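In: following is a predicted model, sequence given first.
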Amino acid sequence: MVEVAYALPHKQAILSVAVPEGTSALEAARRSGILDKFEGIDLDNAKLGIFGKPVSPEQALREGDRVEIYRPLLADPKEVRKARAARSRERRAGKDEE
Amino acid sequence: MIELLVQHPLLAALLALVGLGAVFGALLGYAAVRFRTEGNPIVEQINAILPQTQCGQCGHPGCRPYAEAIAAGEDINKCPPGGQAGIEALAQLLDREVVPLDDEHGEEKVPQVAFIREDECIGCTKCIQACPVDAILGAAKHMHTVIASECTGCDLCVEPCPVDCIDMIPQAQTLQTWHWELPDTSNRGADIIATDAGEAA
């Protein structure tokens, strides 16, 4: 028994699926029926992982694994950090003036 | 053989008792193996009452360790997510006194879930590592998303986030989380038994 999980901000699902030991992550995701629950999962191009660790789609599964289908980031990490640094600089500057 | 026993009643009695002892001993020994209890059953019962947030506010690394500590005699009022209702349930189970929540360990809050503001998430996995119940789905440089049905609202993920993109929001009420509010029992016993003490005064 393995699980297949996918998550959107307001809708998430963890589906259990019985597959033989050694089934590939991609195959388990296909068989779980998660594609019917969510529109717009591009399984062939999506990154898969098990409990937060990215794995290849061919990764053989073991009992109890949770196959996760990831989505890309929306923000560019560098930009977010830069914006954050700028904000805290402003805050510091504001404090100095007081 | 029978003749020998008849001639020596003492020997017969001795043999009978030894035989009985052996039979019951074997029975008990078998039962001990067959019906072995895993761990301490009272710990299981305490653990079932604790809210399984795994938040660590009690000072233990999870609900089960706290259950073991309670079974070993620790105070029952260190669990803010369990709240007063939890303390009352524990008090009843363990036949201890109901005590107010120890606010050193936090306040009782409405059930919450974590929510990640996606346009700020940088995919650093810090919150995933902090989550005690694997309720955050994501990997390095990929979007992190809270699986609301798994989230216990422990807020351990909020602190590690380097871009502060996790909010704790009140849990949406679903068929699984709705419960009938218990009536206020704080002055239980005061009004239930009718007395004429007030009238007499």
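Out: Ah, there it is. In this text the structure is predicted, and so the values were computed from the model without any measurement.

In: what's near enough to touch residue 46?
Out: In the absence of a named chain, chain A is used. Each residue near A:Ala46 by Cβ atoms under 8 Å, 6 or more residues apart in numbering or on different chains is listed here: A:Ile69, A:Tyr70, A:Arg71. C-betas here are computed from N, CA, C, even on glycine.

In: to clarify, I was referring to chain B.
Out: By Cβ under 8 Å, 6+ apart, the neighbours of B:Ile46 are B:Ala67, B:Ile70, B:Ala71, B:Leu90, B:Leu93, B:Leu94.

In: where does the chain dip in pLDDT?
Out: Just going to use chain A. The model of chain A has pLDDT under 70 over residues A:95-98.

In: switch to chain B, please.
Out: B:176-177, B:185-201.

In: enumerate the residues of it near chain A.
Out: Residues of chain B found near chain A (Cβ under 8 Å from any Cβ of the partner chain) are B:115-116, B:118-125, B:128-129, B:134, B:136-143, B:145-150, B:162-163.

In: repeat the analysis, applying 6 Å as the threshold.
Out: Contact residues (Cβ under 6 Å from any Cβ of the partner chain) of chain B with chain A: B:118-120, B:122-123, B:128, B:137, B:139, B:142-143, B:145, B:147, B:163.

In: and B:Asn47, which of the three is it?
Out: helix (DSSP: H, G, I helix; E, B strand; the rest coil).

In: quick one on the thing from earlier: of the contacts of A:Ala46, which is the nearest to B:Leu17?
Out: The shortest approach to B:Leu17 among these belongs to A:Ile69, at 70.1 Å (Cβ to Cβ).

In: circling back: of the contacts of A:Ala46, which belong to helices?
Out: Of those, none are assigned to helices by DSSP state H.

In: now render those as TSV, adding distance to B:Pro9.
Out: TSV is the format used below for the contacts of A:Ala46 (distance: Cβ to Cβ, whole Å):
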residue	distance to B:Pro9
A:Ile69	82
A:Tyr70	84
A:Arg71	88
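
In: give me the subset of those residues touching chain B.
Out: Subset of the contacts of A:Ala46 in contact with chain B: A:Tyr70, A:Arg71, counting by Cβ under 6 Å from any Cβ.

In: turn the contacts of A:Ala46 into JSON lines, columns for neighbour count.
Out: Listed next are the contacts of A:Ala46 as JSON lines, based on neighbours: other Cβ atoms under 10 Å in any protein chain shown:
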{"residue": "A:Ile69", "neighbour count": "24"}
{"residue": "A:Tyr70", "neighbour count": "23"}
{"residue": "A:Arg71", "neighbour count": "20"}
